[in-house]
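*Asks:* just coords:
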C-alpha cells in the first residue's frame, strides 16, 4: 500500500541544483504500481518517488475507478493516502478527487461521481436527465421534458 507520510522536497537532487523543475507527471500505471501489494513496476516506481516530486491529474484517479472491477481497494483510504504521495496540481482538483471517491463508494459510476464532484466544487447545478444526481449535493436541473412542455 502507499506510504501515508508526505515527503519533503529533495533539495539535493541534480535537477533542483540546476534550477530545473523537479516534478514529473505520472499516470495510472504509476499509481497502480504504488497502490498494489505486488506489481512488476512497484520497485521502479518507489525508486523514482525518491528522485522526483511527482504530480498527476484527476484523470488518473478517475481511471483507477474505471478499472475498479480488476482490483479490490478501499478507495477512500487509498485515494486519501495516494493524494499525499502523488498529488494533483491544485487544491480544487484534490477536493474533486476526494468528493468523487465518496460518491463512487456510495454507488455512483466513476464518471458520474467525477461530474457530481466537479459541479459541487464549482458551485454549479447539474443539467441532466440522469437521476443518479438527485442524491448528491449539486442540484439536478431536469433535462428531460416536463409534462407541461
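*Replies:* Okay, I see it. A quick note: this is a predicted structure, and the numbers were derived from the prediction, not measured.
*Asks:* What sits closest to residue 124 if chain neighbours are left out?
*Replies:* Leaving out its chain neighbours, the residue that sits closest to residue 124 by C-beta to C-beta, 6 or more residues apart in numbering is residue 138, at 6.5 Å. C-beta coordinates here come from the backbone N, C-alpha and C atoms, glycine included.
*Asks:* in the protein, which spans are helices?
*Replies:* 14-17, 28-35, 42-51, 58-66, 75-85, 91-105, 110-122 (DSSP state H).
*Asks:* could these be laid out in TSV, adding mean pLDDT and distance to residue 133?
*Replies:* Below are these laid out as TSV (pLDDT from 0 to 100; distance: least, C-beta to C-beta, whole Å):
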stretch	mean pLDDT	distance to residue 133
helix 14-17	38	44
helix 28-35	95	26
helix 42-51	94	36
helix 58-66	95	17
helix 75-85	94	20
helix 91-105	96	10
helix 110-122	96	6
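*Asks:* I'd like those helices as JSON lines, with mean neighbour count and distance to residue 129 appended.
*Replies:* As requested, the helices of the chain are arranged in JSON lines below (neighbours: other C-beta atoms under 10 Å; distance: least, C-beta to C-beta, whole Å):
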{"stretch": "helix 14-17", "mean neighbour count": "12", "distance to residue 129": "49"}
{"stretch": "helix 28-35", "mean neighbour count": "20", "distance to residue 129": "30"}
{"stretch": "helix 42-51", "mean neighbour count": "14", "distance to residue 129": "41"}
{"stretch": "helix 58-66", "mean neighbour count": "19", "distance to residue 129": "22"}
{"stretch": "helix 75-85", "mean neighbour count": "18", "distance to residue 129": "27"}
{"stretch": "helix 91-105", "mean neighbour count": "20", "distance to residue 129": "18"}
{"stretch": "helix 110-122", "mean neighbour count": "20", "distance to residue 129": "12"}
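*Asks:* Residue 147: which of those helices is closest?
*Replies:* helix 110-122 (25.6 Å; C-beta to C-beta).
*Asks:* which residues sit in contact with residue 114?
*Replies:* Residue 114 makes contact with 58, 62, 96, 100 under the criterion C-beta atoms under 8 Å, 6 or more residues apart in numbering.
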